[in-house]
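Student: Below: sequence and its predicted model.
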Amino acid sequence: MKTKQTLYSASQVSPISMSASCQNTVDQSLVVSAKTLSSSTPCFPLLPGETILPKAPAVVLDDGTNCIPQHFLSYQHSKQSVSEIIAEIDFDPRFVLFVDEDKASVFIQVGIIGKDNYVKHDDQNAEKIVYGRRWRVEPQLPSSEIIQTAFLALLKAREHEIRELFKHLSANPRAVQKTTITTPFSCHHDLPLMAMSRTTDLAETKLPLDEAHIKDTLASIRYDHASIDLVGIQILKQQQLLLEIQIIPSKLTTLPELNQQTSGYIVVEDSSEDGILNSIMDYVLQLSHRYTEEHFRFKGFARFSRNNNVSKISALSAKTRIAENVQSNDEFNHTVSAANYETDATRVPKIGSGKLGRKIKQQLNRFDIKYGILPKWEQ
């Protein structure tokens, strides 16, 4: 969260005049004086849509390179600037990042190329492309947050696929096909129906703590045409289990993280079939998230990789954010506060007088809110 500021109602917000740094066209003389750098000093370039705030101080990094941190910039992004930023991102070629705009705003969207998860593999002679939700991009969104929005869009698009690739085989003696194959963790279930019928929240009978029942549960799972074997089991405290499993891919398995046999340990919170199935789902989601973290790159840099040094990230943050490391003055600090307030004011929602509005009002009244900008109540 930002530094505390006085609480305002959105109806009291008055427009703040746009400084030169908030305009689409950058005043080059202003930019040069703002950097306060000599021509011989190396400095990182601005990204499209970025402008340096007036009199912004430069920060000298440990390698001698100068930079203007993102919180000393203003942003006016367009479809073109967002497209140029997204073009610097590399990931799995089956996941395509699009940038487009409609009457509401610019947005990022993921296209996914592959076989239909609900049609038998042998019945498909070609691949298809499907599209995920639209991730809105505000003009004032910092470039770093645009990149992170793209990361989250890919993370969730991949999670959507993972949930569909997790197949559960269950006995159905009344059907012609005695085994029913479903995707219980997919995002396509009728949630309102589930909430109103309340037929899915019945407690499951606990399984005996024996290896045979656990193996039967694992045998009921197909994950991207791969099977899951039990390698070892250890009973922990309070009905918890520690399972060592191995995911064995088939010739139809497509997920790159399953290219080789994958072994891992899973803590099952209870000994029920539901507990095992949920824990396996958590595990394969973790594999997917790790794959995304390691292979998502901006300008060749894997920001979310576990190979990054956390202490060095902390040091860089301290270098660019702790006050004693940044040479600024009261005039510039006021400029930053005004720019932050101007951005925050554009994000304040309007609240209606219906059921949701009444619920939000009751929720807000539970807290002693003294900072930030309160939502505007529609009459």
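Tutor: Structure received.

Student: Could you use CA atoms for every contact and neighbour count after this?
Tutor: OK.

Student: Rounded mean pLDDT for stretch 359-372, please.
Tutor: Mean pLDDT, stretch 359-372: 93.

Student: buried sites along that stretch?
Tutor: For stretch 359-372, the neighbour count (16 or more other C-alpha atoms under 10 Å) marks G372 as buried.

Student: Repeat that for stretch 57-74.
Tutor: P57, A58, V59, V60, N66, C67, I68, P69, Q70, F72, L73, S74.

Student: Nearest to L169 among those residues?
Tutor: Closest to L169 out of the buried residues of stretch 57-74 is Q70 (50.4 Å), distances taken as C-alpha to C-alpha.

Student: Out of the buried residues of stretch 57-74, which is nearest to E244?
Tutor: Nearest member of the buried residues of stretch 57-74 to E244, counting by C-alpha to C-alpha, is Q70, at 44.6 Å.

Student: The closest one and L141 touch, don't they?
Tutor: No - between Q70 and L141 there is no contact under C-alpha atoms under 8 Å: 10.8 Å.

Student: mind listing what F332 touches?
Tutor: P54, K55, A56 (C-alpha atoms under 8 Å, 6 or more residues apart in numbering).

Student: Return the distance of the helix or strand that contains it from the chain's centre.
Tutor: Element membership of F332 [criterion: DSSP states H and E] is helix 330-345. How far helix 330-345 lies from its chain's middle: 27 Å, per C-alpha atoms, centre = their mean, to the nearest Å.

Student: tell me what the helix or strand following that helix is packed against?
Tutor: With elements assigned by DSSP H and E, the helix or strand that comes after helix 330-345 is strand 350-351. Packing partners of strand 350-351 (3 or more C-alpha pairs under 8 Å, 6 or more residues apart in numbering; DSSP states H and E): strand 376-377.

Student: Now do the strand it packs on: distance to the chain's middle.
Tutor: Using C-alpha atoms, centre = their mean, the offset of strand 376-377 from its chain centre is 29 Å.

Student: The chain should start at 34 in everything you say after this.
Tutor: OK, 34 is where the count begins now, so the last one is strand 409-410.

Student: which element is the residue most central in space within the chain on?
Tutor: Geometric centre of the chain, nearest residue: L185, 2.6 Å, by C-alpha atoms, centre = their mean. For L185, the host element (DSSP H and E) is helix 176-198.

Student: again with I278
Tutor: strand 274-281.

Student: which parts of that strand are buried?
Tutor: L274, L276, E277, I278, Q279, I280, I281.

Student: Take the residues you listed and lay them out in CSV including pLDDT and distance to T212.
Tutor: Output for the buried residues of strand 274-281, formatted as CSV (pLDDT from 0 to 100; distance: C-alpha to C-alpha, whole Å):
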residue, pLDDT, distance to T212
L274, 90, 28
L276, 96, 26
E277, 97, 27
I278, 96, 24
Q279, 96, 24
I280, 96, 22
I281, 95, 21
